[in-house]
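>>> could you work out the structure for the sequence below:
(2 chains)
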Amino acid sequence: MFAPTIQMQHVLIQALTEDLPKISVALADVGIFDPDKRSVDADKFPVVPGDKYKQLFNQASSRMEKIAEILNLEPLPMVKKVRVVEESELARINSWLGDIWATASSYEEQFRHLKDEETLINQREDSLENFANLRVDLGLLQGDKKFLNLFIGTVPHNNVAQLQEALGLARHLLYTFSVNSNATGVIIAGPRDAKGELTSILQAAEFRALPVPPDLRSHPENIRQEISDQRAALVLKRQKVNQQLQNWGNSLHKELEDAQRSLVLAEPYVRLDVAMRSAGSLSAVTGWVPKKELPKLETTLNEQLTAPFILTTRSPKHDERTSVPTVMQRSKFFAAFQDLICQYGVPRYGEIDPTPIFALTFILMFGVMFGDVGQGAIFALLGGFIWWKKPKLKSIGQFITYIGISSVIFGFLFGSIFCFETIIPHLWVSPMHSIDYMLMAALVFGMVFVVVMSLISIYNHIAMNEPLEALFGHHGVASLVFYLAAAAGLYSIATTGEFGLIPTILLIGSFTTIFAYSWYEMHDAGFDEKFLVGTIGGLEIAMGYVSNTLSFLRVAAFSLNHAALAGAIFAIADATGSSGYWPSIIIGNIFIIVLEGGIVLIQTMRLEYYEGFSRYYFGDGKEYVPIKLRTATES
Amino acid sequence: MATFSGDIYLHTRVSMFAGRLLTNDQIEQLPKFKFDDLAKTYGLTAIQDNKAPVNLRLKALENSLINIILDELVILVRPMETEAHEMIMQWARKFELFNLKALIRGKLSGIPDADIQATLHDLPPLLGLPHQSLLRAESVLELLRQLEKSQYRSIASKARQSYEEHQEPFLLDAAIDQLYCTGLIEQAQKLASADRKETTKIIGWYIDRIILLWLLRYRFIYNLAPSDAYYHLVHSPGYLHKKQLLALVELETWEEVISALPRKIHQELVDVGSIAAVEQRINALNIRNLHSAVAKSSSAIARVLAYLMLRDLDFKQLVTVVQGHLLNLDSNLVYQALGLQIPAVDSAATSLPTAA
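Just a heads-up that it's a prediction; the model follows:
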């Protein structure tokens, strides 16, 4: 269950350069090869082939993405037959997609213009009311004036102030009236001799003219009708363009699907990138494959390549562990917990799989902090429903069900159901009546947690061939001895009044070891610096262990908090009298489920990430991303 | 600045970093250095690749220097509060906007993508302009539509005007600069009062420089009318505030404008007759002011901003010198470009601080 991640093998495929496209397709078809992009053997194979191919592919893919968006294309079609896409075919597809995109782009531009028209109509409609309310004779604003420049229109809000000041320099006045949230209505007036100068400022200020209808005051219904007609015409125009676009898209459906298939087949060659190198007619492809899948890889290559090739494999070296991709065995039961682990970081290759320990302690701590039969059952039922009814959210459903069940179990152990602490008897302890006991239990749990995490850390460092770090590092053997000796000494003080000889010897011995290691590590530094860093380093380890352990007091604190919140709800319910009693209990329970449930989740996560992962988990591994065909094959 | 310790950290950091800035003497020594010595001192491996074309070597140099600035910026903004962090990032957006201008101008002029790409700064993800997706746009209209969906909506509408109405390209640059300067002023206003005054002063010097150059160009090169010129300017929080600008744009001659400038600026520009000379003099004034801010300002944020601006200016000088070497320019020309007196006799160079 705690086994490290799946064993990987480094693979080197040597073949003829002309066979590289075939190899890429075969590798994608088998779907287990993760390219090694460290450019190994670059001296022997200096050239990275396929520059032109990659350029064509990238441009064609970008075009296809844009076309798919505007035409609302279905998800990628299935590939009928696995085959190599030659550069000439890719060039033809790219060029064709270029033409298609040019037309699609013109449709986009038409939609943009239609949107512009709509904005104008809206502004006209908005300004209608405001025109009517203006205390000026609108007749005076209509038509061309002999000595006066007159402009009526809209300007974006942000441009009004600067425009007003600039117009002042051109001896023009600007009056504003409200139009809508995007633009301000403006009336600009001034002497006619400055018109040329004004045109350029108005353009820069994004001024849009609003025509003043001649019969605005006398027959406003005519104008409303006119605007309504314009809007209806616009809707028709949009429908027409939409229809044209749809028809055009339908007529291209088959060709576009074929192009998508070709791009899916061309992608593996591009994804190999620098993992594929050549020297004349010989080439090499390097990558990582799970050890147990090697026969499958060999069989596929033998089946799909006619020319000879050499397949060489080897185990990962110690110094390349961070470059080896990690394959985590997908857990059937703890999938959601694995997702949470990967949020923190992918495990380093060879590192212990943290999933079981993470999942079990998470479920346990949540249950202790949120122990309530009724509220836990709601979580469990909700989780079960999601698990059953929403296959896509299965892992989330599992997660909620588990923490719900844990909450139910601890609800029985604490004797709590929907905040009632007296209906069912507690099978273990009633938190509010045994506060000291709860705090002590949390402390002991914290100590066990910290010790287990330190042991895993020691194992991980040994597995990574870092023996010094395993022995003397921050979470190594010496630190663990230091921690246990301090704990034993403190326990001894509490029971006998003395720290004890053995804990004292172990404490001093381990501290000296840590100090000496720090001294050794800083061989270039001066005496003062070595002494200071060694002392502070030792103290940091001591403080770290103490604070990590004390952090677990929050497990008890939240358990007490749950009971205290329940008490508060009952106090409110009692104060509201008989009519408000049950509504208060129900609302209070909802409040606790949503708010406290969320807080407890965050706290549990914090304990796992900060007190657990930071102690033992490297989390700097490389995710295993094998090259695959992006769609299934029909065969 | 939120915390006392953060403030102390920043003051210490800036004081440490300040040792990397070029002094006047060192700038004067720059043209005297041999190309290889210059490259060695600054670790400028990018320019030592003799096989690469000159423009690519210069671009690589610019990119590596910008990345030095941005690396230092990341260290300096780490302890900052959100507002101060945002203000410094807004300053750094100048590199992003350079790319935006190059992209729009390049696409509007139909320059091939590869050539546009070659002019762009290679910026880290820290600055978020989606260059690649904008570069992939296959027509001007597609580029404009993409911009309309981005944070640069207002620039997109100016660019559309420029494209559809065949406007002068400088108006687009002006709009971008206006947006940048306004953003910088707005961010400075959000700072805590202890930092606001000092920081705004520095931003004022910076914007004064930009708008003075624009003002002179608008009025005496593009011959814009006063109202038109005024519309494209920004009110500086420094000397060139709204009232000052309203008065300056109405003046008809170069001499009138120079004499009407605030005293501090005017005394630097008494005898200048060209925009290039104005730029050099105002840069020199700016550098003096910024050095004084780095040395004396009580606000850590202001010191950070001043330091970064100086670093940028230093690197520009360095690029000028390297450009002189790569293009085999006459050394007098390089002295002129640096705003230095041409020496009577060449003397040997002393020493330079390293880049990082």
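>>> how near is residue B:170 to residue A:326?
Using CB to CB, to the nearest Å, residue B:170 is found at 55 Å from residue A:326. For the C-beta atoms, the positions are set from N, CA and C on the backbone; glycine is no exception.
>>> these two: which has the busier surroundings?
The residue with more neighbours, out of residue B:170 and residue A:326, is residue A:326; 22 against 16, by other CB atoms under 10 Å in any protein chain shown.
>>> wait, that one touches residue A:619, no?
No - assessed by CB atoms under 8 Å, residue A:326 is found out of contact with residue A:619, at 10.2 Å.
>>> what's the overlap in contacts for those two?
The contact sets of residue A:326 and residue A:619 overlap at A:346, A:347, A:348 (CB atoms under 8 Å, 6 or more residues apart in numbering or on different chains).
>>> of these, closest to residue A:42?
residue A:348 (24.9 Å; CB to CB).
>>> which stretches in the stretch 151-300 of chain A count as helices?
Using DSSP state H, counting those that start in this stretch, the helices of the stretch 151-300 of chain A run over A:160-169, A:195-204, A:220-251, A:253-272, A:294-304.
>>> show me what from chain A comes close to chain B.
A:59, A:62-63, A:98, A:101-102, A:105, A:108-109, A:112, A:156, A:158, A:162-163, A:165-170, A:194, A:197-198, A:200-201, A:203-206 (CB under 8 Å from any CB of the partner chain).
>>> list buried residues within the residues you listed.
Using 16 or more other CB atoms under 10 Å in any protein chain shown as the burial test, the residues of chain A next to chain B include A:59, A:62-63, A:101, A:105, A:108, A:156, A:162-163, A:165-167, A:169-170, A:194, A:197-198, A:200-201, A:204-206 as buried.
>>> before we move on, the earlier item: now render the shared contacts of residue A:326 and residue A:619 as JSON lines, adding pLDDT and neighbour count.
Formatted as JSON lines, those follow (pLDDT from 0 to 100; neighbours: other CB atoms under 10 Å in any protein chain shown):
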{"residue": "A:346", "pLDDT": "87", "neighbour count": "19"}
{"residue": "A:347", "pLDDT": "87", "neighbour count": "26"}
{"residue": "A:348", "pLDDT": "88", "neighbour count": "22"}
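>>> let's have the residues you listed in JSON lines, adding distance to residue A:52 and secondary structure.
Compiled in JSON lines, the shared contacts of residue A:326 and residue A:619 are given as follows (distance: CB to CB, whole Å; DSSP: H, G, I helix; E, B strand; the rest coil):
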{"residue": "A:346", "distance to residue A:52": "34", "secondary structure": "coil"}
{"residue": "A:347", "distance to residue A:52": "39", "secondary structure": "coil"}
{"residue": "A:348", "distance to residue A:52": "38", "secondary structure": "coil"}
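>>> list the helices and strands the least confident helix or strand in chain B by mean pLDDT packs on?
Within chain B, judged by mean pLDDT, DSSP states H and E, the helix or strand with the poorest mean is helix B:35-42; its value is a mean of 75. If you count contacts as 3 or more CB pairs under 8 Å, 6 or more residues apart in numbering or on different chains; DSSP states H and E, helix B:35-42 packs onto helix B:300-326.
>>> tell me the average confidence for the helix it packs on?
If you average the pLDDT over helix B:300-326, you get 91.
>>> so which elements touch the next helix or strand after that helix?
Proceeding N to C from helix B:300-326, the next assigned helix or strand is helix B:331-337, under DSSP states H and E. Helices and strands touching helix B:331-337, by 3+ CB pairs under 8 Å, 6+ apart, are helix B:300-326.
>>> what's near enough to touch the closest residue to residue A:93 other than its chain neighbours?
Of all residues not flanking residue A:93 in the chain, residue A:259 sits nearest, at 5.0 Å (CB to CB, 6 or more residues apart in numbering or on different chains). By CB under 8 Å, 6+ apart, the contact set of residue A:259 is A:60, A:64, A:93, A:96, A:97.
>>> just these now: which is nearest chain B?
residue A:97 (10.4 Å; CB to the nearest CB).
>>> can you tell me how far the closest one is from residue A:254?
As judged by CB to CB, residue A:97 and residue A:254 stand 14 Å apart.
>>> neighbour count for the two, which is higher?
Per other CB under 10 Å, whichever of residue A:97 and residue A:254 has more neighbours is residue A:97, with 23 against 10.
>>> low-confidence ranges, the stretch 1-150 of chain A, go.
Low-confidence segments of the stretch 1-150 of chain A (pLDDT under 70): A:1-5, A:132-144.
>>> which parts of it are helices?
Here the stretch 1-150 of chain A has its helices, by DSSP H, counting those that start in this stretch, at A:20-30, A:51-71, A:87-133, A:138-141.
>>> need the winner for burial among those helices.
helix A:20-30 (a mean of 23; mean count of other CB atoms under 10 Å in any protein chain shown).
>>> what angle do it and helix A:253-272 make?
Put simply, helix A:20-30 runs at 100 degrees to helix A:253-272, going by axes from the mean of the first three to the mean of the last three CA atoms, to 10 degrees.
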